[in-house]
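1. output the structure for:
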Amino acid sequence: MGCSLNQELIEKSKEFHGHWCPGLAIGIRAGEWVRKNLGTSTDEEIVAVVENDACGVDAIQVLTGCTFGKGNLIYRDQGKHAYSFHRRRDGKSARLVLDSQKMGSGPDEKVALIFQKDLQGEPLTDEEKEALKAFRMGWAKAIMEADLEDVFEIKEAGPAPQRARIIKSIECAECGEPTMETRTRNMFGQTLCQTCFEKKERRV
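-> Numbers count the residues shown, from 1 in each chain. Next up, the predicted model:
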């Protein structure tokens, strides 16, 4: 059946992110699932736990109302196209994992070599640029046109994270900058921010 969101929402996600790509398409489809099954969040009613910091997270913010600033978008660096969503009022939740068997998870060998060349800052030929663009557009199109159950494996999510809390700040003994208490480290009786702790650790 393909994506059921109206074009205005898709364009809004694209505008927020800045360009069109397969990663954004993945996030749009995840946001579509949330809107269909959980609704949207004006405050902290819905919580998203994202396991990557890639393009799709921008679409999730636009489409679900889950944002870093509200504390109901939580980033866990797992390097996976996986997104968990929780609705606090009734505990309904799910973890959406990109189905790489059906949707694929990357380019073929030829395009992968072009990707690598591009990442290394090497100039691409016009043919290579077109191959890269064709792959990206083709994958994004396939994601948008597929049924949701073919885009994601729907799995059981873990427990919902706690609500965002306001935690007092403590001055770092080294740089003097106020730091959230739960993010401080202790070294030789001094309370340090993470940055100063790591600097001192390298000198020890």
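2. give the contact list for I143.
-> Shown in contact with I143 (C-beta atoms under 8 Å, 6 or more residues apart in numbering): P22, A25, I26, R29, M103, V151. (Each C-beta comes from the backbone N, C-alpha and C, glycine too.)
3. and for the first one, the neighbour number?
-> Residue neighbour count, defined by other C-beta atoms under 10 Å, stands at 25 for P22.
4. report the contact partners of it.
-> Contacts of P22 by C-beta under 8 Å, 6+ apart are C55, R136, W139, A140, I143.
5. closest one of the contacts of I143 to Y83?
-> I26 (8.7 Å; C-beta to C-beta).
6. so that closest one sits against K80, correct?
-> No: using C-beta atoms under 8 Å, I26 is not in contact with K80; the gap is 11.3 Å.
7. could you give the bridge partners of F152?
-> L98 (DSSP bridges).
8. please renumber so the chain begins at 38
-> Okay, using 38 as the starting number, the last item reads as F189.
9. tell me the pLDDT of it.
-> We have a pLDDT of 97 for F189.
10. for it, grab the count of nearby residues.
-> Quick note: F189 (other C-beta under 10 Å) scores 23 neighbours.
11. buried residues, the longest helix along the chain. List them.
-> Criterion DSSP state H: the longest helix present in the chain is helix 163-182. For helix 163-182, a neighbour-count test (16 or more other C-beta atoms under 10 Å) marks E165, A168, L169, F172, R173, W176, A177, A179, I180, M181 as buried.
12. how about the residue most central in space within the chain: what's its closest non-neighbour residue?
-> By C-alpha atoms, centre = their mean, the chain has its centre lying nearest to V94, at 3.4 Å. Distances taken as C-beta to C-beta, 6 or more residues apart in numbering place V87 nearest to V94, at 5.1 Å, with adjacent residues excluded.
13. ok, now I151?
-> Per C-beta to C-beta, 6+ apart, closest to I151 is E165, 4.8 Å.
14. separation between the one you found and K147?
-> 9 Å (C-beta to C-beta, to the nearest Å).
15. and F172, how far is that from D95?
-> Relative to D95, and taking C-beta to C-beta, F172 is found at 21 Å.
16. to clarify, my last question referred to E186.
-> On the measure of C-beta to C-beta, E186 and D95 end up 24 Å apart.
17. so, low pLDDT: which residues of the protein?
-> 142-143, 241 (pLDDT under 70).
18. let's go with 90 and repeat that
-> Across the chain, residues meeting the criterion (pLDDT under 90) sit at 38, 77-81, 137-149, 152, 154-156, 195-204, 237-241.
19. for stretch 185-197, buried residues please.
-> For stretch 185-197, by 16+ other C-beta under 10 Å, it's L185, V188, F189, A194, A197.
20. nearest residue to the second one in space, ignoring adjacent ones along the chain?
-> Of all residues beyond its chain neighbours, the one nearest V188 is R66 (4.9 Å), with distances taken as C-beta to C-beta, 6+ apart.
21. quick one, the helix or strand hosting that neighbour and helix 163-182 angle?
-> Element membership for R66, per DSSP states H and E: helix 59-74. Helix 59-74 runs at 10 degrees relative to helix 163-182, counting by axes from the mean of the first three to the mean of the last three C-alpha atoms, to 10 degrees.
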